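Trainee: Quick one: sequence and predicted model below, then my questions.
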Amino acid sequence: MSIWEELAELSIHRSDILIDMAKVCEHHYKDYEKALFYAKQAYQNEKQKKRLLNRSEKLQDTIKRINRLERKLTIM
């Protein structure tokens, strides 16, 4: 298990860390599937938090990331 995967398990409810992991997977490793996985986890976390707080900007940024990653995966 990589350090990133260990960090993900420890930070399952930390959207900011999950988004950073998605960025690294997308831009550094070009692993779009793993990036999409982390982005979707972050989205679920933000969706849960939005019920408690008004965090729509962060939620919208995460949706944009997911859409971009899905487009990249369909092109491949």
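Mentor: Received it, and whenever you're ready, just let me know what you need. Residues are numbered from 1 along each chain as shown.
Trainee: so how many other residues sit close to residue 57?
Mentor: For residue 57, the neighbour count with other Cβ atoms under 10 Å is 9. (Glycine included, C-beta is placed from N, CA and C.)
Trainee: Which strands or helices does whatever helix or strand it lives in pack on?
Mentor: Using DSSP states H and E, the element containing residue 57 is helix 56-75. Contact analysis of helix 56-75 by 3 or more Cβ pairs under 8 Å, 6 or more residues apart in numbering; DSSP states H and E lists helix 15-23, helix 32-50 as its packing neighbours.
Trainee: need these in CSV with mean pLDDT and mean neighbour count, can you?
Mentor: Formatted as CSV, the helices and strands packed on helix 56-75 follow (pLDDT from 0 to 100; neighbours: other Cβ atoms under 10 Å):
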stretch, mean pLDDT, mean neighbour count
helix 15-23, 90, 20
helix 32-50, 89, 19
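Trainee: Now tabulate those in JSON lines and tack on distance to residue 65.
Mentor: JSON lines is the format used below for the helices and strands packed on helix 56-75 (distance: least, Cβ to Cβ, whole Å):
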{"stretch": "helix 15-23", "distance to residue 65": "6"}
{"stretch": "helix 32-50", "distance to residue 65": "5"}
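Trainee: between the ones you listed, which one is nearest to residue 66?
Mentor: Among the helices and strands packed on helix 56-75, helix 32-50 comes nearest to residue 66, with 4.9 Å by Cβ to Cβ.
Trainee: centre of the chain versus the closest one, how much separation?
Mentor: 4 Å (Cα atoms, centre = their mean, to the nearest Å).
Trainee: contacting residues around that helix?
Mentor: For helix 32-50, the surrounding residues in contact (Cβ atoms under 8 Å, 6 or more residues apart in numbering) are 8, 12-15, 18-19, 21-23, 25-26, 55-56, 58-59, 62-63, 65-66, 69-70, 72-73, 76.
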